[in-house]
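Q: predicted coordinates and the sequence they were generated for:
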Amino acid sequence: MRSIAMLAACAGLAVVSLPLVASAQTKGQTTTTQSDVKTIWEKFKGSWGQTKGAVKEQWGKLTDDDLLAIEGRRDQLVGKIQTRYGISKEEAEAQVGTWEQRRFRDM
């Protein structure tokens, strides 16, 4: 019984730390700060017409109505991905974090 409790505690810790780990880049040892994420999303909002094409390309299950509702808001994107793909919030956060990193490098 004790080993099951330890396993559950470790699994819980892993789920909580996943978004932090996902936001760190192993290349160049660069991490994304909250400030960086806000800056990135301000740029995405400003060019949402172009950005939503990249979002649709990455997450094809999102509908045009979903993209209209998102309007360049990160939290809305995470929620829609979670709903459409039936994944956890942590997994959706990790996917968006990885996508942000790629898009930010391309800007």
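A: Yep, it's here. Numbering: from 1, shown residues only.

Q: now do the contacts for residue 86.
A: If you count contacts by C-beta atoms under 8 Å, 6 or more residues apart in numbering, residue 86 has none. The C-beta positions use only the backbone N, C-alpha and C, and glycine is treated the same way.

Q: flag the helix or strand of the protein with the lowest per-element mean pLDDT.
A: helix 2-22 (a mean of 45; mean pLDDT, DSSP states H and E).

Q: list the buried residues for the helix or strand that that one is followed by?
A: Next in sequence after helix 2-22, counting helices and strands by DSSP states H and E, comes helix 34-46. Neighbour-count burial for helix 34-46 flags 37, 40, 41, 44 (criterion: 16 or more other C-beta atoms under 10 Å).

Q: surely the first one meets residue 74?
A: Yes - checked against C-beta atoms under 8 Å, the pair residue 37 and residue 74 is within contact range at 7.2 Å.

Q: just to revisit the earlier point, farthest pair in the buried residues of helix 34-46?
A: Maximum pairwise distance among those (C-beta to C-beta): 10.3 Å, between 37 and 44.

Q: need the pLDDT of residue 81.
A: Looking at residue 81, its pLDDT stands at 97.

Q: what's the closest non-adjacent residue to it?
A: residue 92 (4.3 Å; C-beta to C-beta, 6 or more residues apart in numbering).

Q: which secondary structure element contains that neighbour?
A: Per DSSP H and E: helix 89-106 holds residue 92.

Q: in that helix, what's buried?
A: By 16+ other C-beta under 10 Å, the buried positions in helix 89-106 come out as 90, 91, 92, 93, 94, 95, 96, 97, 99, 100, 101, 103.
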